[in-house]
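**Q** take this sequence and fold it.
(2 chains)
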Amino acid sequence: MNLRGRIVEVGDEREVETQYGTRSLAEVSIRPDGVDDDADAADGDAYVRVTLWGKWTHTADLAEPGMDLLVTDAEESEYRGEKTYSTSKESYVVLEPDFLVDVTDVRSWVQCPRMYYLNKLSGIPLNYPVVKGTVVHEVFGDLLRGRDLDDSIDERVAEAGLQLGLLGYDAAEVRDEVRRNAAAIEGWLAQGTLTEEDAWRSEYTLISPTFGIKGRADALRRGMPVELKTGKNLRRDPRFQDKIQAAAYALVLAERGVPADTGTLLYTKNTTLERNEESGDLSPAKEFSIGKGLLEFVVRKRNEIAAMEFDFSVPTGFEADAKCEYCFEKDTCMVVSGRLNQESKAGQIGSPLPEDERDYFDRLYRAIEEERRETHEEYRKLWEQSAEERAADDRAILGLEPAGRREIEGGRWELRATKTDDAVSKLREGDICLASDGDPVGGHAELCRIRELGDEVVVTADEPVSVRRLDVYPSEISVSRMLTAVHDALLKGDERRKDVLFGRREPAFTDRSSRTYIDNNDSQDDAVRLAVDADDAALVHGPPGTGKTYTIARIVRALVADGNRVLLSAFTNRAVDNALEALRDQGFDSIVRVGTENGVREDMQELRLETAGEPNDCAAELNGAPVVAATTASCGSRVVREQSFDVALVDEASQLTEPGTLAAINRADRFVLVGDHEQLPPVVRAENDLQRSLFERLVEEYPDASVMLDRQYRMSQRIQAFSSAEFYDGALRPATGEVAAQRLSDLGIDESVLPDDLHDPVAFVDSDSPRVGNTNPGEADRIAELVETYVAAGVDPDDIGVIAPFRAQVAEISRRTDVTVDTVDRFQGSSKEVILVSFVVSGRIDGPIFEDHRRINVALTRAKKSLVLVGDADALASDPFYARMLEWARR
DNA sequence: TCTCTGCGAAGAGGA
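**A** Sure, this is the predicted structure:
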């Protein structure tokens, strides 16, 4: 049986005499899953003792109370009337199984735990071995799928064009080198033993809930893992860490019931001309047998990582017997150790960062790692939640019926399936997701890209799968990039900027020009001047409708005119593209847009940087661009990390975590942040230090470095009044009399046909209807009627929007009307002539979504001419803030 | 059960 629970107590290791001789053991007490946390120790079933035998005492040594422990194939026995458990010959002991360790991380940990840590912290920079390695891996996959070698090389090298160009490589030389590597693969494939195509699988995605491991095997050959290495190894055996990697995949396969006892390492730099020193072998392939002992070793190493991550500790390198003098990362290791004052086997160089910077690092490191755990939680849901729960959570599309497959170019597959219901999900066209036969973890699953998501679903994948279900596949990328951003800011960041970030120096400004940039709006004009004059940082506070995007475009133009290279960034693709649209409207289009094909709006595609092609051309396009536009997530990408700018301008800065903002501003000497901390804050999964944006912190710290845009062009006076008073100290005002006085009649609507209670630009309709979960069907009915009323009065349905706090209510209302219905969060940044807000609550106002009043500020400031609040008056009146809102709406 | 956008998904190397 598998035994799992939370560790309560860990005993010391000791030795006992058994019939097999002296053996070591350690006892661990756990509270098994399913036993109530409050259960008393005296309660017989509350705790269970598990004896970990032999080498598993190593894992006991890492264990701490509070950690989760899993013992597979545990043996049950009675000892003095008490039921106890112990490890058996078949057992594995897994610490914190929910912490999913990547196979490549186990590999680097085995090399040196410090290398694991450094890779995580600083990310792997753009370098040739990695780029080439990726290309060779792709060509390998193509060959397995039966593709022509030259076609594959041409295409795969072209795909890496931008990266190769930035590294200064020429396509022809790379093709030659890849061809030499591929020759080793081809030669091996041609040895004749591998004729049955069915025995091969390429790029196999594996997740192991039991062992807490995830990864992608390069290939499976007759069920055995094959790892490709683009280096050279002339010795008889595979390198130890390479074996570990293959063995980790074998472990996951074992969980799936298909144990692998042999692993193959393919060293493609071993040419058939070079004879193996010891064995005389000519083959680049090295096989090794995978025994239980090796698998157990992998699990113990994996446990070391999980244990270290559990308490956020930092490895020193002494855990391993790797020799620092041979390590490529030695210098980096010593610098990081020195700056962060970490103990390290390699030693330290340089003096430690000031204490407040190290505190900041520790705080953010912890917060980011908490986010990582939340991401792992998302993986866990893949197998913990039932299919129906996942579908209800919008994380899966179920009930697909396979409707054909077709082999496409490159030996890949286009898979079709038909939807049997109209359930919604987070999945969008262009997303990477997990397509499966219905069981995403234990069954056949492939990572795929969604091409079409209508009644028919079309995906492309490396291998064919009968698509019955699609699941969101979580990614750690954003978490990893946050961490590297913090690393870059502290360890590579300019001292001058750090002084500003850490409150040691006020941002400085140089009077560069006294010219007027915008002549009909003083605060916008001030904002542009502030940004142009900033030597360090400028902050532009833009409440709803104040012409933020226009101002941003004007700032960028002014900066470029002064000879600056500008990075234009924002949290979302939509905001980036909006800023670009404004720039182009102002006649400026020397812009390169960095981003995925899917993320970039259709009309901005022509600005998008081509990442595939002739290396020199790709690199020149990027390097020569005076303005580069990308989301902050993209700013953390390997390519953009290589770029430098004079100024970084970040929109939606109030929605960004500090690390998210750092990712962009790290690339530049100076920065301009634009945002509104009275609107939505960053969305983070865990409650931690990431909840407050850098924008908000700096606006409060340096009021003199900020300008608030105070004229709004969106709402009538009546609509803006509450927001202005509650959130902007009354400083927000209509830009013109026309804006202030606008009414539906301006659209040619005869307002007299509207019922009396809708005559005022702000109206309240008491729904007096009960909340059901996160919906309020009665309120939804009322909203639909109101929409009809406006449409009947002549309002264009496109001019009407409905906002609700919960997605469930959004769905409820969407079923009743065709106008745009969305959550507050998704409505941020846009507006409509008429907005109806559904509050859902009844009884008492509670729940986190109502506590953050900034969300309400967003909801109430989307309407231009008419705003209708629909809710339960009694419930709203129970809270002072909402009571004030009611008073305003009912005036 | 609160809200949710991004991101290549992984990729290398030597005494």
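**Q** use CA for all of it now, contacts and neighbours both
**A** OK.
**Q** give the residue spans of chain A that score low on pLDDT.
**A** Along chain A, the parts satisfying pLDDT under 70 run over A:34-45, A:191-199, A:202-203, A:234, A:270-283, A:410, A:422-424.
**Q** quick check: the gap between residue A:582 and DNA strand B.
**A** Using Cα to the nearest atom of the strand, to the nearest Å, residue A:582 is found at 17 Å from DNA strand B.
**Q** which bits of the stretch 151-300 of chain A sit near DNA strand B?
**A** Residues of the stretch 151-300 of chain A found near DNA strand B (Cα under 7 Å from any atom of the strand) are A:159, A:214-218, A:228-233, A:269.
**Q** can you give me the helices in the stretch 251-400 of chain A?
**A** Along the stretch 251-400 of chain A, counting by DSSP state H, counting those that start in this stretch, helices occupy A:292-310, A:330-340, A:355-384, A:387-392.
**Q** out of those helices, which gets nearest to residue A:448?
**A** helix A:355-384 (16.1 Å; Cα to Cα).
**Q** can you list the residues of the stretch 151-300 of chain A next to DNA strand B in TSV and add neighbour count and secondary structure?
**A** Shown next, in TSV, are those (neighbours: other Cα atoms under 10 Å; DSSP: H, G, I helix; E, B strand; the rest coil):
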residue	neighbour count	secondary structure
A:159	18	helix
A:214	22	strand
A:215	21	strand
A:216	16	strand
A:217	23	strand
A:218	21	strand
A:228	22	strand
A:229	21	strand
A:230	22	coil
A:231	14	coil
A:232	13	coil
A:233	21	coil
A:269	22	coil
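**Q** now, which of those residues sits nearest residue A:18?
**A** residue A:214 (37.5 Å).
**Q** touching, residue A:166 and residue A:622? I think so.
**A** No: with contact defined as Cα atoms under 8 Å, residue A:166 does not count as touching residue A:622 (9.0 Å).
**Q** got the buried residues for stretch A:631-651?
**A** A:631-641, A:644-651 (16 or more other Cα atoms under 10 Å).
**Q** which residues sit against it?
**A** A:124-126, A:163, A:478, A:481-482, A:484-485, A:556, A:564-573, A:575-576, A:594-595, A:623, A:660-661, A:663-665, A:667-675 (Cα atoms under 8 Å, 6 or more residues apart in numbering).
**Q** filter the buried residues of stretch A:631-651 by proximity to DNA strand B?
**A** When contact is defined as Cα under 7 Å from any atom of the strand, the buried residues of stretch A:631-651 meet DNA strand B at A:631, A:633, A:634, A:637.
**Q** tell me which helix or strand the third one sits in.
**A** Put plainly, it is residue A:634. Here residue A:634 sits within helix A:632-635, counting by DSSP states H and E.
**Q** centre of the chain to the helix or strand following that helix, how far?
**A** Next in sequence after helix A:632-635, counting helices and strands by DSSP H and E, comes helix A:638-641. Here helix A:638-641 is found 17 Å from its chain centre; the criterion is Cα atoms, centre = their mean, to the nearest Å.
**Q** can I get the following helix or strand past helix A:638-641 in PDB? Just the C-alpha atoms.
**A** Once the chain leaves helix A:638-641, the next helix or strand it forms, by DSSP H and E, is strand A:645-651. Backbone C-alpha positions of strand A:645-651 (Å, rounded to 0.1, in the frame of the first residue of the first chain) are rendered in PDB as follows:
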ATOM      1  CA  PHE A 645      17.900  50.800 -24.000                       C
ATOM      2  CA  ASP A 646      18.100  54.400 -22.800                       C
ATOM      3  CA  VAL A 647      14.600  54.400 -21.500                       C
ATOM      4  CA  ALA A 648      12.000  51.800 -20.600                       C
ATOM      5  CA  LEU A 649       8.400  52.900 -20.500                       C
ATOM      6  CA  VAL A 650       6.100  50.500 -18.800                       C
ATOM      7  CA  ASP A 651       2.300  50.900 -19.100                       C
END
